[in-house]
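Engineer: Show me how the following folds:
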Amino acid sequence: MPFITISRMYGSGGSEIAERVAAALKWALYDNAVVDAVAERSGLTRAEVTAQEERVPSMVERLGAAFSLGTPESMPAVIDRPLPTAEEEIVAVTRRVIEDAVQKGPAVIVGRGAQWLLGERTDALHVLCYAPRAELVRRAVTDLGVSPERAERAVAEMNKQREQYIRRHWNRHWLAPENYHLCLDTAWHGIEGASTLITRIARDRFGA
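Structural biologist: Got it, this is the predicted structure:
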């Protein structure tokens with residue numbers, strides 16, 4: 001089944017573009033639906049999954065998780081393998097959710113490492129949505145509801161987390177153009193223009 005993955009810088013409008021492309025092609029959209037499915041399968045709340053996805057834990061969080069396993073006296077003498085962290089469990093469940101999604105029919109999948117999870121498949125169109133920093137900040141305020149005082153920092157932190165998430169779990173460079181079939185400057189194309197271009201390429205490629 002053909003599918004499109006849309007990786008997106010925070011503030012680039014990638015989620016809105018994915019929604020428009022899925023509607024135009026009449027394909028399934030997996031964005032927030034991935035969060036819901038991961039929460040259901042993992043037994044975590046939606047808020048817990050959202051807090052963990054596409055980010056890496058800080059050193060303080062990693063130390064806290066390690067200490068929460070117990071004191072040395074309470075731990076088994078031999079551990080065959082490290083216990084998975086909540087982050088690793090969510091990544092594993094997300095992998096299964098995405099792999100199941102593409103088996104059900106044509107789909108547009110937003111973020112969550114889908115480009116790398118499905119990178120070996122030939123029935124894919126991998127897209128990166130990016131924009132200059134000023135445009136990312138502007139959209140964070142106007143489209144995402146971030147306060148003007150926090151927007152610059154929010155853009156920097158969110159995109160840094162996404163970059164580290166990809167490096168940590170797939171050892172790839174998130175924004176490297178060779179990872180994608182199509183890289184779109186959404187400030188230049190606009191949301192509608194980017195959506196139309198992706199839709200046209202998908203139709204040409206997959207006969208959609």
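
Engineer: Poorly predicted segments of the chain, please.
Structural biologist: Scanning the chain for pLDDT under 70 picks out the ranges 44, 48-49, 51-86.

Engineer: 50 instead?
Structural biologist: Applying pLDDT under 50 to the chain flags the ranges 57-84.

Engineer: Let me see the ranges of the strands in it.
Structural biologist: For the chain, applying DSSP state E gives strands covering 3-8, 28-30, 107-110, 124-130, 182-185.

Engineer: so how far is the last one from its chain's centroid?
Structural biologist: Taking the mean C-alpha point of strand 182-185 and that of its whole chain, the gap between them comes to 16 Å (CA atoms, centre = their mean, to the nearest Å).

Engineer: Show me what counts as buried in that strand.
Structural biologist: By neighbour count on 16 or more other CB atoms under 10 Å, the buried set for strand 182-185 is 182-184. All C-beta atoms are positioned from the backbone trio N, CA, C, and that covers glycine.

Engineer: number of nearby residues for the residue nearest to L182 when sequence neighbours are not counted?
Structural biologist: Nearest non-adjacent residue to L182, counting by CB to CB, 6 or more residues apart in numbering: V127, 4.8 Å away. V127 sits with 26 neighbouring residues when counted by other CB atoms under 10 Å.

Engineer: In this structure V127 contacts I4, no?
Structural biologist: Yes: under the criterion of CB atoms under 8 Å, V127 makes contact with I4 at 6.3 Å.

Engineer: shared neighbours, these two?
Structural biologist: Common neighbours of V127 and I4 (criterion: CB atoms under 8 Å, 6 or more residues apart in numbering): I198.
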